[in-house]
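Asker: no sequence on this one, just coordinates:
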């Protein structure tokens with residue numbers, strides 16, 4: 001065998017195992033979600049971001065944003081006065097009509113429509129009955145949403161409401177300890193919950209039939225101090241929760257660095273699904289949404305990356321045989 005041919009064969013022998021290993025590696029999953037899902041301009045902005053990059057997002061909807069004045073007066077969350085909501089209500093029927101269009105089109109585009117309950121109350125001390133009452137209000141509000149603003153609902157809306165809303169995230173990430181919330185979730189027809197916080201990116205766990213996801217702590221800033229991978233937590237750290245548009249670019253760059261470094265650690269490592277949470281509020285001059293847009297544009301079009309909703313992620317994770325069973329967290 002000639003020396004050039006021998007060198008070529010040896011090189012190929014080293015490359016083939018590496019190529020096989022790369023082919024066997026699962027795709028890096030990136031799961032982006034939004035809490036509240038109210039501002040219609042941000043519905044459009046997020047949908048356009050996803051469409052440009054082949055991504056699917058999860059929208060955790062607060063149902064008071066589909067309540068008009070009459071529904072507002074009737075709404076009563078557990079242990080709260082009638083007509084109270086921590087995040088407000090829709091301002092007009094026209095606003096609701098536009099929001100319903102965004103929700104429906106997002107569903108048709110392949111995004112997850114999920115529940116963030118209604119009035120955004122801290123349910124840490126709620127009972128199973130309390131959670132069930134709030135879930136029932138969410139369901140009834142969506143069932144009647146189009147009729148309440150004198151619109152003809154699209155064919156398939158009732159099926160979405162009855163069978164297509166599979167996930168829940170507790171307001172303030174205040175999941176009830178013990179079985180009450182999980183039991184109520186199962187009765188409401190949910191199959192996954194995304195209310196946990198984990199020390200770092202972690203595989204979801206199954207608890208009594210509910211698949212539970214957690215937003216991870218990720219290193220951020222000059223000292224790489226851990227922080228929940230969510231825009232609100234960055235907002236509190238960067239500007240103590242006070243709007244600071246003057247330093248928006250600095251905050252964007254810090255957020256993007258944290259997001260991209262967390263991604264690269266998993267992409268080059270064990271490829272644990274990476275979750276990031278956002279709100280329909282552009283804090284600090286839109287710094288965190290811009291950082292998100294940069295990340296999505298950078299990674300979601302890679303052949304070995306899938307930017308997916310929670311519902312899409314579950315069968316992909318199950319196929320890896322990585323779903324863990326637990327009796328409680």
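Answerer: That came through, no problem. Quick caveat: nothing in here was measured; it's all calculated off a predicted structure.
Asker: would you mark the buried spots in the biggest strand by length in the chain?
Answerer: The single longest strand within the chain, with elements called by DSSP state E, is strand 210-220. Across strand 210-220, burial judged by 16 or more other C-beta atoms under 10 Å covers 210, 211, 212, 213, 214, 215, 216, 217, 218, 220. For every residue, glycine as well, the C-beta is placed using N, CA and C.
Asker: again with stretch 256-269
Answerer: Buried residues in stretch 256-269, counted by 16+ other C-beta under 10 Å: 256, 258, 259, 260, 262, 263, 265, 266, 267.
Asker: what average pLDDT does it get?
Answerer: For stretch 256-269, mean pLDDT rounds to 98.
Asker: report the secondary structure state of the residue nearest to residue 64 when sequence neighbours are not counted.
Answerer: Leaving aside its chain neighbours, residue 64 sits nearest to residue 85 (4.5 Å; criterion: C-beta to C-beta, 6 or more residues apart in numbering). When classified by DSSP: H, G, I helix; E, B strand; the rest coil, residue 85 comes out as coil.
Asker: for residue 85, list the residues it contacts.
Answerer: Shown in contact with residue 85 (C-beta atoms under 8 Å, 6 or more residues apart in numbering): 64, 72, 75, 77, 118, 119, 120.
Asker: same check, this time on residue 56
Answerer: Residue 56 is in contact with 50, 109, 110, 111, 112, 307, 308, 309, 312, counting by C-beta under 8 Å, 6+ apart.
Asker: tell me which element residue 235 falls in.
Answerer: Element membership of residue 235 [criterion: DSSP states H and E] is helix 231-239.
Asker: by contact count, what packs against that helix?
Answerer: Contact here means 3 or more C-beta pairs under 8 Å, 6 or more residues apart in numbering; DSSP states H and E; on that basis helix 231-239 packs against strand 225-228, helix 248-267, strand 274-279, helix 287-299.
Asker: angle of the longest one against helix 231-239?
Answerer: An angle of 130 degrees separates the directions of helix 248-267 and helix 231-239 when computed by axes from the mean of the first three to the mean of the last three C-alpha atoms, to 10 degrees.
Asker: give me the helices and strands touching helix 248-267, please.
Answerer: Looks like helix 248-267 contacts strand 28-36, strand 210-220, helix 231-239, strand 274-279, helix 287-299 (3+ C-beta pairs under 8 Å, 6+ apart).
Asker: which of these sits closest to residue 248?
Answerer: Minimum separation from residue 248 across these (C-beta to C-beta) falls at helix 287-299, 4.7 Å.
Asker: in JSON lines, list the buried residues of strand 210-220 along with distance to residue 283 and pLDDT.
Answerer: Formatted as JSON lines, the buried residues of strand 210-220 follow (distance: C-beta to C-beta, whole Å; pLDDT from 0 to 100):
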{"residue": "210", "distance to residue 283": "30", "pLDDT": "97"}
{"residue": "211", "distance to residue 283": "29", "pLDDT": "97"}
{"residue": "212", "distance to residue 283": "27", "pLDDT": "97"}
{"residue": "213", "distance to residue 283": "23", "pLDDT": "98"}
{"residue": "214", "distance to residue 283": "22", "pLDDT": "98"}
{"residue": "215", "distance to residue 283": "16", "pLDDT": "98"}
{"residue": "216", "distance to residue 283": "20", "pLDDT": "98"}
{"residue": "217", "distance to residue 283": "19", "pLDDT": "98"}
{"residue": "218", "distance to residue 283": "17", "pLDDT": "98"}
{"residue": "220", "distance to residue 283": "15", "pLDDT": "98"}
